[in-house]
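Colleague: following is a predicted model, sequence given first.
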Amino acid sequence: MARPGEVGAHLGFEGEGDRLVTHYFECLERAYSGWRWAVTVTRASRARNVTVSEGVLLPGSGALLAPQWVPWNERLLPGDLGVGDLLPTEADDDRLTPGYTATGDDLDEQMIFEYGLGRARVLSPVGRDLAVQRWHSGEAGPHTPLAHAAPAQCSTCGFYWPLSGTLRLGFGVCANEYAPDDGRVVAADHGCGAHSEATTVPSMVVEAQPPILDDLGYDDLTEAGSVDATDSEPLGHS
């Protein structure tokens, strides 16, 4: 299993069971720093000779290991889906429910508009609650510096378009092209500086400061190069 020079000193042994012992040896291969060779030997019942049962390379303390494997649906992040990518939804996804199923507050609306019109599944109460938590705690929620500095909440803005159904009271879509959340779902208690009623615009004109008069100092006009008052002609004469 190992090339010459890759097996080091004996590190000890461990009893695995009746007539079954595993011996550990140091691994000198530079690519497997911290690993160790494990050789398991055994003796059959009433047999005289000991035979090798198994030999493997195992990680020890401080061994370099690959990251733990995580299923793709658990490591997927928002924005990872690209052009042409498909994201299959599991049949038992608790965020969805059959289109003919009652979902609570919006029972009448969903039964009228979803029954038999092509959508096999619609948003379930679990999926709706997850979306509410995600939207309300995200960048378009009330707990952001942008919302704290806003003159008023989105619910009072003329560019706020409320959602339909049970989410109407809490969320809407921003329709202000100059707002940072244009075209995105925002919480009713979110806000930004592009509020429709933000009529007070900070002045960009810098006010001129009054001149500073020095009443303590004076200029000596009798210095060289200065005009002597006695050499001047009287006013009114050419």
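Modeller: That came through fine.

Colleague: which residues in this structure form helices?
Modeller: 72-75, 107-114, 125-137, 145-148 (DSSP state H).

Colleague: of those, which is nearest P88?
Modeller: Proximity to P88, assessed across the helices of the chain by Cβ to Cβ, is greatest for helix 72-75 (9.0 Å). The C-beta positions use only the backbone N, C-alpha and C, and glycine is treated the same way.

Colleague: and that closest one, how far out from the chain's middle?
Modeller: With Cα atoms, centre = their mean, to the nearest Å as the basis, helix 72-75 stands 15 Å off its chain's centre.

Colleague: with stretch 149-157 instead?
Modeller: Worked out by Cα atoms, centre = their mean, stretch 149-157 lies 25 Å from the chain centre.

Colleague: can you give me the buried ones in it?
Modeller: Buried residues in stretch 149-157, counted by 16 or more other Cβ atoms under 10 Å: A150, Q153, C154, S155, C157.

Colleague: what about that stretch, start to end distance?
Modeller: 15 Å (Cα to Cα, to the nearest Å).

Colleague: and the contacts of that stretch?
Modeller: Under the criterion Cβ atoms under 8 Å, 6 or more residues apart in numbering, residues 142, 160, 172, 174, 176, 186-193, 195-198, 200 lie in contact with stretch 149-157.

Colleague: which stretches of the protein have low pLDDT?
Modeller: 100-118, 200-206, 223-238 (pLDDT under 70).

Colleague: what segments of it are strands?
Modeller: Applying DSSP state E to the chain gives strands spanning 7-17, 20-27, 35-42, 51-59, 96-98, 121-123, 160-162, 171-174, 185-187.
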